[in-house]
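Student: Based on what follows, work out the 3D shape:
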Amino acid sequence: MAYRNQIARNVVLVLFLGFLLFPLLVLVAVSVNPQVMAFPPRGFSLKWYAEIFKKEEFLSAAYSSFILALATSAVSVVLGVLAALGMRKLKGRISGVVLAMLQSPLFFPAVIVALATFQVITTLGVEVSFLALLMAHVVVTMPYPLRNVLAQLANFDSRLEEAAMSLGAKPITVFFRITLPLIRASVVPAFLLVFVLSWNNYTVSIFLAGTNWVTLPLQLRAYLQYEYEPFVAAMSTVLIIFSAFLLFVSERFFGVASRSQAK
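Tutor: The predicted structure is shown next:
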């Protein structure tokens, strides 16, 4: 019976992974199609990947997405770490209420957050700008570093900080010399995760990105309105590989360390 259950679990796992990965494999296959968006591909060519470097609007959009994702990661992680450290001082019901408020963007669709932010901006008469877009990205991503850091702080020995302060260290010194190095295994993966989420975000950006700040997902969507060729699949494949690489780095160099500290 146990053997049969193991086989059933493996079959379910394979089907589940296949359901997740098959569309991505189809996209990669389409990206090497010489002429049209079709599957299975009718040949093999890498010319659409070379086209990426010839389209200035996509290179500009990629730069805009990079700057936005980098800024979002920095602000979101700083706020998440500070919020997690502050949560340690809260006790009782108020702790649960504050935590629920900070994590609420996880339970609301991003489109609702984006629409609400857009309404506030237009009501105040403020023009859509990079700052508004950054704020919205931070709102929807900040819960991730908060959860990461809170999980590691659950096993954090605060006596280390107390010992440092008893020897005369200032709070800022304790944070950078004691606290931050000990929670680094949760901070760095959170930074990379937020970067990927912001880099690939379309839902929030569609409401708040101005004409002077077009992100890569928005540029891809605009391109699809007029062109339907394997270039889109090639560009999407590059985005998938880039995102997967960052997540692999996060897990490879920090996931193991995080699990080891948890033990």
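
Student: Apart from its neighbours in sequence, what residue is nearest the residue nearest the centre of the chain?
Tutor: Geometric centre of the chain, nearest residue: L197, 2.4 Å, by Cα atoms, centre = their mean. Excluding its sequence neighbours, the residue lying closest to L197 (Cβ to Cβ, 6 or more residues apart in numbering) is T141, at 5.3 Å. In this view, the C-beta of every residue, glycine as well, is placed from N, C-alpha and C.

Student: what residues are up against that neighbour?
Tutor: For T141, the contact set (Cβ atoms under 8 Å, 6 or more residues apart in numbering) comprises 72-73, 76, 194, 197-198.

Student: can you redo these as TSV with distance to N10?
Tutor: Shown next, in TSV, are these (distance: Cβ to Cβ, whole Å):
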residue	distance to N10
T72	39
S73	37
S76	38
V194	34
L197	31
S198	36
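
Student: Next step: these restricted to helices.
Tutor: If you go by DSSP state H, the contacts of T141 have 72-73, 76, 194, 197-198 in helices.

Student: For A114, see how far away the closest residue to K55 other than its chain neighbours is.
Tutor: With sequence-adjacent residues excluded and distances taken as Cβ to Cβ, 6+ apart, K55 is closest to F231, at 8.0 Å. According to Cβ to Cβ, to the nearest Å, F231 and A114 sit 28 Å apart.

Student: Likewise for L13?
Tutor: For L13, the distance to A114 - Cβ to Cβ - is 35 Å.

Student: Give me the more crowded residue out of the two.
Tutor: Remark: of L13 and A114, A114 carries more neighbours, 22 against 10, as counted by other Cβ atoms under 10 Å.

Student: got the phi/psi numbers for the more buried one?
Tutor: According to degrees, to the nearest 10, the main-chain angles of A114 amount to phi -70, psi -40.

Student: so what's the closest residue to Q35 other than its chain neighbours scoring on pLDDT?
Tutor: In this structure, Q35 finds its nearest non-sequential neighbour in R42, 6.7 Å apart by Cβ to Cβ, 6+ apart. Looking at R42, its pLDDT reads 76.

Student: Just say helix, strand or coil for R42.
Tutor: Under DSSP: H, G, I helix; E, B strand; the rest coil, R42 falls in the coil class.

Student: ok, it touching A29?
Tutor: No. R42 is beyond contact range of A29, at 10.7 Å (criterion: Cβ atoms under 8 Å).

Student: Of the two, which one has the most company?
Tutor: Of the pair R42 and A29, A29 is the one with more neighbours under other Cβ under 10 Å, namely 17 against 11.

Student: From the ones in helices among the contacts of T141, list the buried ones, please.
Tutor: Among those, those classed as buried by 16 or more other Cβ atoms under 10 Å are 72-73, 76, 194, 197-198.

Student: Please read off the pLDDT at V128 from the model.
Tutor: 69.

Student: again with L70
Tutor: 92.

Student: What strand or helix carries it?
Tutor: Using DSSP states H and E, L70 sits within helix 56-87.

Student: next helix or strand past that helix?
Tutor: Next along from helix 56-87, by DSSP H and E: helix 93-103.

Student: and that following helix, what's its mean pLDDT?
Tutor: Helix 93-103 shows a mean pLDDT of 80.

Student: Tell me where the model's unsure across the stretch 51-200 of the chain.
Tutor: Low-confidence segments of the stretch 51-200 of the chain (pLDDT under 70): 92, 126, 128.
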